[in-house]
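**Q** Mind folding the following:
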Amino acid sequence: MVSSFDADCEYMKTNDRQGKVRVALMSYAMDNRPAKGTALYTRKLIENLLEDDRFEWYLVHFDRVDDPIYKRAHEIIMPELKLPVATRFVRTMLFFWKYRKNRFDIIHWFQPRLYPFFWLAPATHIVVTAHGAGDITAGGQFPPSRHIFNFILKHCNAAVSAIIADSQFGKEEIVEYYHAARDRVRTIYLGGGESYQMINKDIARAQIKERYGINDEFILDISRHVVHKNIPALIRAYVSLQVEGVQLPTLVIVGNMHQAFGVAQAEVRNSPKPDDIIFINYVAQEDLNALYSAAELFVFPSLNEGFGLPIVEAFASGTPVITSNVTSMPEIAGDAALIVDPTNVSDIAAKIRALLTDETLQKELIEKGLSRAREFSWERTASNTAVLYLDLLTTP
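**A** Purely as a prediction, here's the structure:
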């Protein structure tokens, strides 16, 4: 139910007597958004955190949504108003004011986009998941608001008790680019391994053919069309193999046709068989497992990832993986993937050719990938996050 202010006050006083830790989760990061990226992380983490009854959970967001997860905790909708500009900023400040005398133990934001004066939040400790420093380091154009958010976290992070990184690489990025104190940055890996399974390839292919019309064997990449996903380099590598006369599966690239889509389209024009390169804007969440399992191999040549969740998803789906040797990707992949230089088109092409023609290598990577995927679960992510909350409250 939506909590009224008076009811919250009384409930929080009762909670004090029960000794439960009061945690406000800024859940708006997942509202009305596809279950990918930050929205997926937010949802999976909250779903698993709510299982922990050592805490009293409050889900804080801007607007009422038809989402059953809000029935599992105390829902707080920030004070409603509409302004010509800065509506969310003002609503956040009103939320801070409303709860100033009934503070939470923890307030946790799930992305590094904090409004000015976030340090006035009514909590003993502020936790922010930054993932890495991709909001600074990733290529492409950012909206003006992103630059403001980056400035705030960079220059005001002393008010944050803990920043969560998705990987050791992400931690080092946060320390370097946000100038955060190393001892306040905690690495907590994402999950994802338990959400997928190896599906029989014929069954998976039949599902994908029915839903998306892909009739042939295919190589897969799942990436938004933004600069750092490096999709044009993958297409150049694929086209170079086509020009050499290599018999190739279709190349299927799934992701929002965003700012860099025109560059990818331009690369396709160099292909002797452009119809063998297929772009799909969106695949339903319930089809992703089949999509991964149906692929001959998954190629993820990104230039910058705080974690690289598709790598784990492909592992768990029983598909051999090629990924980059930069940022977090070799850390997450371990020895379960072929590693390439994402700036070297010839290297990408050579690894694709090698994996397509070596069945022994394929089987080895599938087995290693399935094993590696079991190391990443959302339950473990939530457990480690809860440990962080308790550590903050018990450390002098």
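**Q** Domain parsing of this structure, as residue ranges.
**A** In terms of domains, the chain is parsed into 5-191+378-394, 195-373 (source: automatic domain parsing).
**Q** Now that L390 has come up, it's in contact with V21, right?
**A** Yes: using Cβ atoms under 8 Å, L390 is in contact with V21, at 7.2 Å. To be clear about C-beta, it is placed using only N, CA and C from the backbone, and glycine gets the same treatment.
**Q** Name the residues contacting each of the two.
**A** Each of R54 lies in contact with both L390 and V21 under the rule Cβ atoms under 8 Å, 6 or more residues apart in numbering.
**Q** So which of those two has more stuff around it?
**A** V21 (19 against 14; other Cβ atoms under 10 Å).
**Q** D216 versus the more buried one, what's the distance?
**A** Using Cβ to Cβ, to the nearest Å, V21 is found at 53 Å from D216.
**Q** Restrict the longest helix along the chain to CA atoms and write it as CSV.
**A** The longest helix of the chain (DSSP state H) is helix 378-394. Backbone C-alpha positions of helix 378-394 (Å, rounded to 0.1, in the frame of the first residue of the first chain) are rendered in CSV as follows:
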residue,chain,number,x,y,z
TRP,A,378,21.0,-12.3,-8.2
GLU,A,379,20.5,-14.0,-4.8
ARG,A,380,24.2,-13.6,-4.2
THR,A,381,24.1,-10.0,-5.4
ALA,A,382,21.4,-9.2,-2.9
SER,A,383,23.1,-11.0,-0.1
ASN,A,384,26.3,-9.1,-0.6
THR,A,385,24.4,-5.8,-0.8
ALA,A,386,22.6,-6.6,2.5
VAL,A,387,26.0,-7.3,4.0
LEU,A,388,27.1,-3.9,2.9
TYR,A,389,24.1,-2.2,4.5
LEU,A,390,24.9,-4.0,7.8
ASP,A,391,28.6,-3.2,7.6
LEU,A,392,27.8,0.5,7.3
LEU,A,393,25.6,0.5,10.4
THR,A,394,28.0,-1.5,12.5
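**Q** elements contacting that helix?
**A** Judged by 3 or more Cβ pairs under 8 Å, 6 or more residues apart in numbering; DSSP states H and E, the packing partners of helix 378-394 are strand 21-26, helix 37-49, strand 104-109, strand 123-131, strand 162-165.
**Q** For I278, find the nearest of these.
**A** Comparison of these against I278 by Cβ to Cβ identifies helix 37-49 as nearest, at 22.4 Å.
**Q** What helices and strands are in contact with that closest one?
**A** Counting contacts by 3+ Cβ pairs under 8 Å, 6+ apart, helix 37-49 is packed against strand 21-26, strand 55-61, strand 123-131, helix 378-394.
**Q** any residues touching the last one, and which ones?
**A** Yep, that's helix 378-394 we're talking about. Contacts to helix 378-394, defined as Cβ under 8 Å, 6+ apart, come from residues 21, 23, 44-45, 47-49, 51-52, 54-55, 105-106, 108, 124-125, 127, 161-162, 164, 186, 188-192, 194-195.
**Q** How about the third one?
**A** Contacts of strand 123-131 with the rest of the structure, by Cβ under 8 Å, 6+ apart, involve 24, 38, 41, 103-112, 114, 118-119, 153, 157, 159-166, 170, 174, 178, 306-307, 388-389, 392-393.
**Q** PyMOL command for the buried members of the contacts of helix 378-394?
**A** Selecting only the buried entries of these in PyMOL, with 16 or more other Cβ atoms under 10 Å as the criterion:
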select buried, resi 21+23+44+45+48+49+55+105+106+108+125+127+161+162+164+186+188+189+190+191+192+194+195
